[in-house]
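Undergrad: after the sequence you'll find the predicted model.
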Amino acid sequence: MKKIEIFQKDCEKIEIFDEDKEGLISYAKKFVDFFDSANISILETSNDCVIMRPSNLMSVKISSLESDFKPSIDEKKIDDDIEEDIITDEE
């Protein structure tokens, strides 16, 4: 799922969501043509539809809400190298 935050001139941001599973870079490239438009445009996602004038947009932030984090090799190695020392009280 993607979270799209649209920042406009002199207005509060608009947040919309999309169920698209495409990668962030290729998904963001779709917005380039949208910014070039001088006319009123419709931005439609799987969950929302927004009618706006792209010339009034300042920026768009696209975030992935999916937990697709995969640890790097270094992080895996660190986890594997950790050893635990257990100290017990003996009387």
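TA: Looks like it arrived, so ask away.

Undergrad: how near is the residue nearest to the spatial centre of the chain to residue 40?
TA: Nearest to the mean C-alpha position of the chain, by CA atoms, centre = their mean, lies residue 63 at 0.8 Å. Relative to residue 40, residue 63 is positioned 26 Å away (CB to CB, to the nearest Å). All C-beta atoms are positioned from the backbone trio N, CA, C, and that covers glycine.

Undergrad: so which strand or helix has the residue nearest to the centre of the chain?
TA: Assigned by DSSP states H and E, residue 63 belongs to strand 57-64.

Undergrad: residue 6 too?
TA: Residue 6 belongs to strand 2-8 when elements are defined using DSSP H and E.

Undergrad: by contact count, what packs against the next helix-or-strand element following that strand?
TA: Using DSSP H and E, the helix or strand that directly follows strand 2-8 along the chain is strand 14-18. In terms of contacts (3 or more CB pairs under 8 Å, 6 or more residues apart in numbering; DSSP states H and E), strand 14-18 is packed against strand 2-8, strand 49-52.

Undergrad: flag the shaky bits of this protein, pLDDT-wise.
TA: Applying pLDDT under 70 to the chain flags the ranges 67-88, 90-91.

Undergrad: which one's the longest helix in it?
TA: In the chain, with assignment by DSSP state H, the single longest helix is helix 24-36.

Undergrad: check which residues of it are buried.
TA: Neighbour counts over helix 24-36 (16 or more other CB atoms under 10 Å) mark 27, 31 as buried.

Undergrad: can you check stretch 11-23 too?
TA: Judged by neighbour count using 16+ other CB under 10 Å, the buried positions of stretch 11-23 are 14, 16, 18.

Undergrad: surely the second one meets residue 43?
TA: Just to be clear, that refers to residue 16. Yes - at 7.4 Å, residue 16 and residue 43 qualify as touching, with contact defined as CB atoms under 8 Å.

Undergrad: quick check: neighbours shared by the two?
TA: 6, 50 (CB atoms under 8 Å, 6 or more residues apart in numbering).
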